[in-house]
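S.K.: Sharing a model that was predicted from the sequence below.
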There are 2 protein chains.
Amino acid sequence: MDAKEFREFGKAAIDFVADYLENIRDNEVLPSVEPGYLLDLLPNQMPEQGESWKTVLSDIDRVIKPGITHWQSPQMHAYYPTSTSYPSIVGEMLASGFGIIGFSWICSPACTELEVVVMDWLAKFLKLPEHFLHASEGPGGGVIQGSASEAVLVAVLAAREQAVVSYRESHPELSESEVRGRLVAYSSDQSNSCIEKAGVLAAMPIRLLPAGEDLVLRGETLKKAIEEDVASGRIPVICIATLGTTGTCAYDDIETLSTVCEEFKVWLHVDAAYAGGAFALEECSDLRKGLDRVDSLNFNLHKFMLVNFDCSAMWLRDANKVVDSFNVDRIYLKHKHEGQSQIPDFRHWQIPLGRRFRALKVWITFRTLGAEGLRNHVRKHIELAKQFEELVTKDSRFELVAPRALGLVCFRPKGDNEITAQLLHRLMERKKIYMVKAEHAGRQFLRFVVCGMDSKPSDIEFAWTEIESQLTALLTEQSLAARKTGNVADLTQHFKIHLNDHEKSQ
Amino acid sequence: MDAKEFREFGKAAIDFVADYLENIRDNEVLPSVEPGYLLDLLPNQMPEQGESWKTVLSDIDRVIKPGITHWQSPQMHAYYPTSTSYPSIVGEMLASGFGIIGFSWICSPACTELEVVVMDWLAKFLKLPEHFLHASEGPGGGVIQGSASEAVLVAVLAAREQAVVSYRESHPELSESEVRGRLVAYSSDQSNSCIEKAGVLAAMPIRLLPAGEDLVLRGETLKKAIEEDVASGRIPVICIATLGTTGTCAYDDIETLSTVCEEFKVWLHVDAAYAGGAFALEECSDLRKGLDRVDSLNFNLHKFMLVNFDCSAMWLRDANKVVDSFNVDRIYLKHKHEGQSQIPDFRHWQIPLGRRFRALKVWITFRTLGAEGLRNHVRKHIELAKQFEELVTKDSRFELVAPRALGLVCFRPKGDNEITAQLLHRLMERKKIYMVKAEHAGRQFLRFVVCGMDSKPSDIEFAWTEIESQLTALLTEQSLAARKTGNVADLTQHFKIHLNDHEKSQ
């Protein structure tokens, strides 16, 4: 393919994306394909001769699009949002056009330096403590990781290595493997699976401590666990707290956790993958309490900042602790400015050696949308979730499971788990909206998350109509089925009040 | 930004990339900026209001481009190539347009299934053993990782967990931490820094065994090390061999290594990040010897397959060994097709939870270029390196340090390391071409790698003229300086023969 063809293909692809995103509501959010659909459609080896881009682009429409789950659709309400935006899409394309790998400053000064710039911009925008800025005096700063999983793993591994070094200094009688065998880390039983995985990868047990009834992990629980462990000769290393848990968007109590971590010299990492976006809002300033006392922090720009995946911001209070743990250089990586300036060598801040020019899409997105645009986006998600929350609370067949938090509403039809499961099953079969369920203390519930690139109040109404009408249909069917089998009494006991209540609320 | 503006911005950006790549020879390959250049040019906080995309695009030209090291330039000869190509750039853009995260099948069936398809296409194209295909009966298959570092780390961590489980079964008297404390891994002292880093991250020592004089690691060296370790109670876990080392593109002896690994039940991983591209060529079939006996293998599509970074293929003979080690699921990740089909849940094959739709750019690139186009690209790099090798050998002031291997020529000006260092310094100051140096057995040398999206014989001639003319200038200056200080005898002893030889060869 030459440059001329690229211009044609590229522009046709731009139109394809614009058409796709403009008309995304025309698609059912969930695809209607069965496992293996694509394996059946495509040849089992690559073509010997190159094909025309026109054929390929039309195949994307024909065979790929039907297998897409439309994450940018306003009918996507599963997981947490994965953002993209028009400027970010262009930014990703420009970065792949430059085609550089920025593992050191000399490999493209703009790649490293723009990352320094946008991470400081973002830290200020989110009102993070000064010591997380590259521009601050100290050894702190921000870096773009691929995902929250990687950010958490970096914190866990760096904390582990720091603990080994410092414990061996104070306990020279112990061998390195004896020290490693005693390490232990902490998180909440509400934390994301990536935190448990980080423990597996780091070969360090992560105790998933019980969150309170409000699903919040507090200092007293952590303190009790640490004291038990210290008493039995274990070495506490790191606590990974969460602001915005995956299940219910609960906020761990960073202030009391940091008091405990300071007392026991335990690294405190905060996974704010989702909720971090709200740090920017004055009305959410409570969320930032205690952040001045944490060692590291991550927030996914691809969740709330309209930057497409992958783009996970991580800040370190003392980046040297990571660099010292991970640095394994070779002569071919040296260059004359190495270590001479304040410019970080980000390859030592992360797992892989290579790094994409992710800062470019961040910069383009921030500049074209502005701080105001970003704040408006977060506020819009919150407003739309409030709208949904009101609809839930007005319908007495449903109950909230936790207070709405940012763009997430956790709710369920009243009754046993089976009704929740059946309702979700119906909704998934109809493919009009996409939610997932979660569970706490034996109670299953549905998570309704505002996602999508451009959701509107009418989209929330659409989703609500779908949900409540499907519950009505489900309950009617069950009622009829029960009558047929003569099992009326049982079911009316279960549902009659709800149906009546619902009728009142209409 | 709305869709209309996106169409304008996107198409202008496509033209920007086409203009950039068509005219890439107009830029000096190395930028002329000093550390901190961009920090001085940009404001220290993001704009409050969004700005026009036209301003941003013109700033990319004004402030970003001057800080780019032009990896796609044919004057790039450092590291190994990082490819991009026109179809791959479009593919990356389309993937960010869909904006999906494919951590499970339901999250976009096309994302998982297209990866199965292209990994099998690639395995067949590279003539890999049948058991690495998803389409084969067994538990093998391929997955796209972000980088070779991540692929190596996945292999190291999975091998570690497998070893712990199996050793504890056979030695129930040992505690888990005792077992972990005895684990040991192996690689060559020529292997990439990411392998040493994987050892640090995995908290498992990786012994960097001495390669032979030809820089090849062989079975006998590994066997000796394993026997020593077993005798002292250690537990050998994994050997990471390399096909195409970073320094000289040496090929470890997979056949003898696999014999030893089979004997001691040690996982054998092959890092073929660069050389893997040559598996596709009949004339390089020797490179594939022994691959039917390895447990896992990685090859960077972003090095030789014209797919832009990041895109690192990894194949596993038994993927269950990774899945069993890494699986930490939650209810919100379950879906009704979970585990019911032959479709892999790739999130268990990798470090992070989230995954981009990287298969899209691979598929688009493979289809538009075809197998023939990909083979031609690898062959072209080999031919251009041969051309450079001939130029070096004809000029008796230079010597080859190792045989040319694929697109890499390792050479140096005859004499001590200081001449090599000074020559490289001059070349870097002039910024016309970019090479890095490496070192073996105390001898520094220059690595000339064919890179660039569209290099031609005239580019090789350009580079050679630059190199040899700068050596001439360097030697002339030194000779003059020596005369001035009356130190002629010393320098003529050192250089005179070379200068004379060079004159003969002109």
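M.R.: Yep, that arrived.
S.K.: partners of the helix or strand containing A:Glu439 in the sheet?
M.R.: Using DSSP states H and E, A:Glu439 falls within strand A:436-440. Applying DSSP bridges, strand A:436-440 is found paired with strand A:443-449 (antiparallel).
S.K.: Tell me which residues of the strand it pairs with come out buried.
M.R.: Neighbour-count burial for strand A:443-449, with 16 or more other C-beta atoms under 10 Å in any protein chain shown as criterion, is recorded at A:444-449. In this view, the C-beta of every residue, glycine as well, is placed from N, C-alpha and C.
S.K.: same question, stretch A:374-394
M.R.: For stretch A:374-394, burial by neighbour count (16+ other C-beta under 10 Å) applies to A:374-375, A:377-378, A:380-382, A:384-385, A:387-389, A:391-392.
S.K.: In chain A, what helix or strand scores lowest on average pLDDT?
M.R.: Of all helical and strand segments in chain A, the minimum by mean pLDDT, DSSP states H and E falls on helix A:488-505, at a mean of 42.
S.K.: if I pick A:Glu399, what's in contact with it?
M.R.: Shown in contact with A:Glu399 (C-beta atoms under 8 Å, 6 or more residues apart in numbering or on different chains): A:411-414.
S.K.: Taking the residues you listed, please make a ChimeraX selection of just the buried ones.
M.R.: To isolate in ChimeraX the members of the contacts of A:Glu399 that are buried, counting by 16+ other C-beta under 10 Å, one can use:
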select /A:411,412,413,414
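S.K.: JSON lines please, covering the buried residues of strand A:443-449 and showing distance to A:Val362 and pLDDT.
M.R.: Listed next are those as JSON lines, based on distance: C-beta to C-beta, whole Å; pLDDT from 0 to 100:
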{"residue": "A:Gln444", "distance to A:Val362": "37", "pLDDT": "96"}
{"residue": "A:Phe445", "distance to A:Val362": "34", "pLDDT": "97"}
{"residue": "A:Leu446", "distance to A:Val362": "33", "pLDDT": "98"}
{"residue": "A:Arg447", "distance to A:Val362": "28", "pLDDT": "97"}
{"residue": "A:Phe448", "distance to A:Val362": "29", "pLDDT": "98"}
{"residue": "A:Val449", "distance to A:Val362": "23", "pLDDT": "98"}
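S.K.: Quick check: of those residues, which lies closest to A:Gly50?
M.R.: Nearest to A:Gly50, judged by C-beta to C-beta, of those is A:Val449 at 41.9 Å.
S.K.: Report the contact partners of that closest one.
M.R.: A:77-81, A:385, A:407-409, A:435 are the contacts of A:Val449 under C-beta under 8 Å, 6+ apart.
S.K.: again, 6 Å this time
M.R.: Listed by C-beta atoms under 6 Å, 6 or more residues apart in numbering or on different chains, the contact partners of A:Val449 are A:77, A:80, A:407-408.
S.K.: wait, which of these is closest to chain B?
M.R.: A:Tyr80 (10.0 Å; C-beta to the nearest C-beta).
S.K.: Excluding chain neighbours, what is closest to that closest one?
M.R.: Excluding its sequence neighbours, the residue lying closest to A:Tyr80 (C-beta to C-beta, 6 or more residues apart in numbering or on different chains) is A:Tyr274, at 4.7 Å.
S.K.: Ramachandran angles for the one you found?
M.R.: The phi/psi pair for A:Tyr274 (degrees, to the nearest 10) reads phi -100, psi -60.
S.K.: which residues in chain A form strands?
M.R.: Ranges of strands in chain A, per DSSP state E, are A:141-145, A:183-188, A:206-209, A:235-242, A:267-271, A:296-300, A:312-316, A:398-400, A:408-413, A:436-440, A:443-449.
S.K.: Now the weakest link among the ones you listed, please, by mean pLDDT.
M.R.: Set side by side, the strands of chain A give their lowest mean pLDDT on strand A:436-440, at a mean of 92.
S.K.: buried set for it?
M.R.: By 16+ other C-beta under 10 Å, the buried positions in strand A:436-440 come out as A:436-438, A:440.
S.K.: picking that back up, can you put the buried residues of stretch A:374-394 in CSV and add pLDDT and distance to chain B?
M.R.: Output for these, formatted as CSV (pLDDT from 0 to 100; distance: C-beta to the nearest C-beta, whole Å):
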residue, pLDDT, distance to chain B
A:Leu374, 97, 8
A:Arg375, 98, 10
A:His377, 97, 11
A:Val378, 97, 14
A:Lys380, 97, 15
A:His381, 97, 16
A:Ile382, 98, 20
A:Leu384, 98, 18
A:Ala385, 98, 17
A:Gln387, 98, 23
A:Phe388, 98, 18
A:Glu389, 98, 20
A:Leu391, 98, 22
A:Val392, 98, 19
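S.K.: For stretch A:463-473, which outside residues touch it?
M.R.: A:391, A:395, A:413, A:423, A:426-427, A:432-433.
S.K.: Low-confidence ranges, the stretch 301-450 of chain A, go.
M.R.: The model of the stretch 301-450 of chain A has pLDDT under 70 over residues A:329-341.
S.K.: and if we set it to 80?
M.R.: Counting by pLDDT under 80, the stretch 301-450 of chain A contains low-confidence ranges at A:327-342.
S.K.: I'd say the residue nearest to A:Tyr80 and A:His302 touch.
M.R.: No: counting by C-beta atoms under 6 Å, A:Tyr274 stays clear of A:His302, with 10.5 Å between them.
S.K.: anything in stretch A:113-131 near chain B?
M.R.: Yes: where contact is defined by C-beta under 6 Å from any C-beta of the partner chain, part of stretch A:113-131 touches chain B, namely A:113, A:117, A:121, A:124-125.
S.K.: Off-centre distance for that stretch?
M.R.: Distance of stretch A:113-131 from the chain centroid (C-alpha atoms, centre = their mean, to the nearest Å) equals 19 Å.
S.K.: Report the contact partners of A:Ile195.
M.R.: A:152, A:187, A:240.
S.K.: which among the residues you listed end up buried?
M.R.: For those, buried by 16+ other C-beta under 10 Å: A:152, A:187, A:240.
S.K.: Any idea what the last one is bridged to?
M.R.: Which is A:Ile240. A:Ser187, A:His269.
S.K.: Can you tell me how far it is from A:Gln342?
M.R.: Distance of A:Ile240 to A:Gln342, given as C-beta to C-beta, to the nearest Å: 29 Å.
S.K.: try the second one
M.R.: Using C-beta to C-beta, one obtains 34 Å as the distance from A:Ser187 to A:Gln342.
S.K.: now do the first one
M.R.: Distance, A:Val152 to A:Gln342, by C-beta to C-beta: 27 Å.
S.K.: Could you do A:Lys432 as well?
M.R.: Counting by C-beta to C-beta, the gap from A:Lys432 to A:Gln342 is 53 Å.
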